[in-house]
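K.L.:
Predicted model and sequence below, questions to follow.
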Amino acid sequence: MITLNKVYIDGAFVTPHGTDTFDLISPVDNTISGTVTLGDEEDVRLAVAAAKRAFTTFSKTTKEERIAILQKMHDAIAARRQEFIQVMVEEYGGTLQFCTRSADYALDNITSAINTLWQYDLVRVVGQSQVQMTPVGVAGIITPWNSSNGFITGKLSAAIAAGCTAVIKPSEMSARQTQLMMECLHEAALPAGVVNIVNGLGAVVGAEIVAHPDIAKISFTGSTVVGKYIAREAAGTLKRITLELGGKSPNILLDDADLNTAVPMAVAAAFMNSGQACIAGTRLLVHESKVEEVEVLLKAAVEQIKTGRSAEDGTVVGPMVNRKQYERVRAYIKSGIEEGATLLTGGLESMQGLEEGNFVRPTVFTNVTNNMRIAREEIFGPVLCVITYKDDDDAIAIANDTTYGLQAYVNGKDKQRIVNIARQLNAGRVMINCLKHDPEAPFGGFKQSGIGREFGIFGLESYLEPKTILE
Ligand code: NAD
């Protein structure tokens, strides 16, 4: 049994003031593998005090000093890359292929922050003034379970690049991954107090971070519901906020798309991270003349997907993170059936030999209309909805008919036509005939998918306040 009973405050592993514990449960078979002791409000207060003390010195560091710190952080994590992959597979149930990408993504985030900082002018002349880009203060960083360490390095490296110190609250379901991250940050010998990590529940540790007057900025990735709560609470002290929230991303297959490449890509976009991805392309918009052909290809492609134990090579869809998420995804599948969508493949039947775990069959619904719950709400599981459209304008209207706006995908041959469509989509990022990530370009949501941007210059500036000096 694994026992995790430390938080990381002021450069040291300390026993938390909080005494409640949380069971670590394997998503593969729901056995308990260990416990984590949860911090409480007092732990947050100690962490914030340490970060505030450290900020006095750290905010005055030079670019070169911050880059040296980021490089040490990168190297300490890189040295344990294999452990990061293994722990994520075991704890979270992510597939080997996804967890490998996630570990590399976590490292790339730091490299990208280094590159951005090198090129960025922290002091510049604007009009007759000198403008100094100054660190905003202590950052509160709150992250979800679906790629824990990637989110931590993305936010933390931007904060450090800006000269901010941080208090981090990862998901309690990611405690083993968090432990590894704490060890790496400790090995990197960052100045005490620059990074503090408190395990704990959202309503306790998260809420205290959001309310604390000495936190200047919150960077949050998670659900839209909690994002709205944070926006309301943060207003009390006018904290700066970056919110990376949910999505219901459309994937438009144009009538000239090469279906032999576009359909497998649509499957990969929908079922990435076992469907537990904010950017998953979960609404597949198909021209009415192509729907029969697409359905044949889709059914064949999805039924070939290896679903099962995450650690096995080639698994594409692993278990849902916990029982609650498993039940939630199944409830959406039931709702799709009840609303009259057609089940093309997948469904509620349990998977032979995997009944003890949180496995959901990769599921595709056809004959979906955009007003059905399965088309409107974020399911966060391997469920894809096929919706037909008549022409490009109709496709754009359906794509934009959502409260979300995180990502969109367009597949087709005519570049000019696609760019014209992309221009009209209300989404923070549009993928044209590809599935990629650009670590230096802004990432974030339109509408209820969030506020603000991460990565590159846009991400760095979200931790900086411009100060105008006039003589
Ligand atoms: P969640 O909102 O339940 O939790 C996210 C984090 O917030 C956790 O650490 C949680 O403990 C904390 N939290 C919960 N209540 C809180 C409160 N009252 N005050 C402060 N913190 C609180 O989300 P989740 O279930 O962990 O993650 C899945 C969600 O995250 C999905 O909606 C998904 O779309 C979203 N997500 C968005 C992005 C993005 O970049 N836009 C990326 C990944 C996940």
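P.N.:
Good, I have the coordinates.

K.L.:
Does the closest residue to residue 108 other than its chain neighbours belong to a helix, a strand or coil?
P.N.:
Nearest non-adjacent residue to residue 108, counting by CB to CB, 6 or more residues apart in numbering: residue 439, 5.1 Å away. Backbone N, C-alpha and C define where each C-beta goes, glycine included. At residue 439, secondary structure determined by DSSP: H, G, I helix; E, B strand; the rest coil is coil.

K.L.:
same deal with residue 125?
P.N.:
Classified using three-state DSSP, residue 125 is strand.

K.L.:
Give me the pLDDT value at it.
P.N.:
Looking at residue 125, its pLDDT stands at 98.

K.L.:
what's near enough to touch it?
P.N.:
Shown in contact with residue 125 (CB atoms under 8 Å, 6 or more residues apart in numbering): residue 131.

K.L.:
try residue 175
P.N.:
4, 22, 24, 36, 91, 199.

K.L.:
Go through those residues and name the one nearest the ligand.
P.N.:
Comparing the contacts of residue 175 against the ligand with CB to the nearest ligand atom places residue 199 closest, at 9.7 Å.

K.L.:
does the closest one really touch residue 35, like I thought?
P.N.:
No - the pair residue 199 and residue 35 does not pass the contact test of CB atoms under 8 Å, sitting 11.0 Å apart.

K.L.:
anything in contact with each of the two?
P.N.:
Common neighbours of residue 199 and residue 35 (CB under 8 Å, 6+ apart) are residue 4.

K.L.:
Export the contacts of residue 175 to CSV and append columns for distance to the ligand, neighbour count and secondary structure.
P.N.:
Shown next, in CSV, are those (distance: CB to the nearest ligand atom, whole Å; neighbours: other CB atoms under 10 Å; DSSP: H, G, I helix; E, B strand; the rest coil):
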residue, distance to the ligand, neighbour count, secondary structure
4, 16, 18, strand
22, 11, 17, strand
24, 15, 22, strand
36, 12, 26, strand
91, 14, 27, helix
199, 10, 28, coil
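
K.L.:
Take those and lay them out in a markdown table including distance to residue 65.
P.N.:
A markdown table is the format used below for those (distance: CB to CB, whole Å):
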| residue | distance to residue 65 |
| --- | --- |
| 4 | 32 |
| 22 | 37 |
| 24 | 37 |
| 36 | 34 |
| 91 | 34 |
| 199 | 29 |
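
K.L.:
Turn those residues into TSV, including pLDDT and distance to residue 470.
P.N.:
Below are the contacts of residue 175 laid out as TSV (pLDDT from 0 to 100; distance: CB to CB, whole Å):
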residue	pLDDT	distance to residue 470
4	98	52
22	98	53
24	98	56
36	98	51
91	97	53
199	98	46
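
K.L.:
can you list the residues of the stretch 301-450 of the chain near the ligand?
P.N.:
378, 380, 406, 445, 450 (CB under 6 Å from any ligand atom).

K.L.:
My understanding was that the last one contacts residue 244; is that so?
P.N.:
Yes - the pair residue 450 and residue 244 passes the contact test of CB under 8 Å, sitting 5.1 Å apart.

K.L.:
Residues that sit against both of these two, list them.
P.N.:
residue 444.

K.L.:
The host helix or strand of residue 157 near the ligand anywhere?
P.N.:
Assigning secondary structure by DSSP states H and E places residue 157 in helix 148-162. No - using CB under 6 Å from any ligand atom, we find that helix 148-162 stays clear of the ligand, coming within 6.8 Å at best.

K.L.:
mean confidence score for that helix?
P.N.:
98.

K.L.:
before we move on, what about stretch 291-299?
P.N.:
Stretch 291-299 comes out at a mean pLDDT of 98.

K.L.:
Now it: buried residues?
P.N.:
291, 294, 295, 297, 298 (16 or more other CB atoms under 10 Å).

K.L.:
what sits against the last one?
P.N.:
Under the criterion of CB under 8 Å, 6+ apart, the contact partners of residue 298 comprise 263, 266, 267, 284, 344, 345, 364, 384, 386.

K.L.:
Helices - which of the residues you listed land there?
P.N.:
263, 266, 267 (DSSP state H).
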